[in-house]
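# Okay, here's the prediction I keep looking at, along with the sequence it came from:
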Amino acid sequence: MLRLALYQPDIPQNTGAVIRLAACLGAAVDIIEPCGFIFDDAKVKRAHMDYIEYVEIRRHVDLKAFEAAYPDARHLLLAPEGKSSIYNYGFKQDDILILGPESKTTLPELVKYADDVIKIPMAAGARSLNVAMAGAIALSEARRQWLA
């Protein structure tokens, strides 16, 4: 099962949207703390609605704990600076897609940590997509590859 990992998320509505996305597309969610909000915040609940009961969610105190939980998985950072396009990338069903914090540029520690940095091709001049939207595009492409 593909996993979506949110690294230090700081917008509760996006976290809720990722939870709902994962529930609908059959993925699991990892939250790598610290979060920029209280995880049971009403805004998270409003965004995920009742979908949280349909998705596996694991919380990790930091990146080191996250890595220890999945030592054999391929950790793929989704970032505008990625070398490979998601459309040319061969996803595996046990990959973990890592989405960085919404309010920061790509963090060097994530680039160094990731097995690969991949990107969603965007129009010239565009900086980045909303984290939940980027997760949806990448997860949909991975599923398309498996179902083709």
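Here it is on my side, so go on. Numbering: from 1, shown residues only.
# where does this structure have low pLDDT?
Of all residues in the chain, those with pLDDT under 70 make up the ranges 41, 47-48, 148.
# for the longest helix seen in it, packing partners?
Looking across the chain with DSSP state H, the single longest helix is helix 131-147. Counting contacts by 3 or more CB pairs under 8 Å, 6 or more residues apart in numbering; DSSP states H and E, helix 131-147 packs against strand 3-7, helix 12-25, strand 75-78, strand 96-99. (Glycine included, C-beta is placed from N, CA and C.)
# Buried residues, that helix. List them.
131-132, 134-136, 138-139, 141-143 (16 or more other CB atoms under 10 Å).
# what angle separates it from helix 12-25?
Counting by axes from the mean of the first three to the mean of the last three CA atoms, to 10 degrees, helix 131-147 points 20 degrees away from the direction of helix 12-25.
# what separates stretch 97-105 from the chain centre, distance-wise?
Chain-centre distance of stretch 97-105: 8 Å, with CA atoms, centre = their mean, to the nearest Å.
# any idea how far the nearest residue in space to residue 116 that is not next to it in sequence is from residue 139?
The shortest distance from residue 116 to any non-neighbouring residue, by CB to CB, 6 or more residues apart in numbering, is to residue 76 (5.1 Å). From residue 76 across to residue 139, the span is 11 Å (CB to CB, to the nearest Å).
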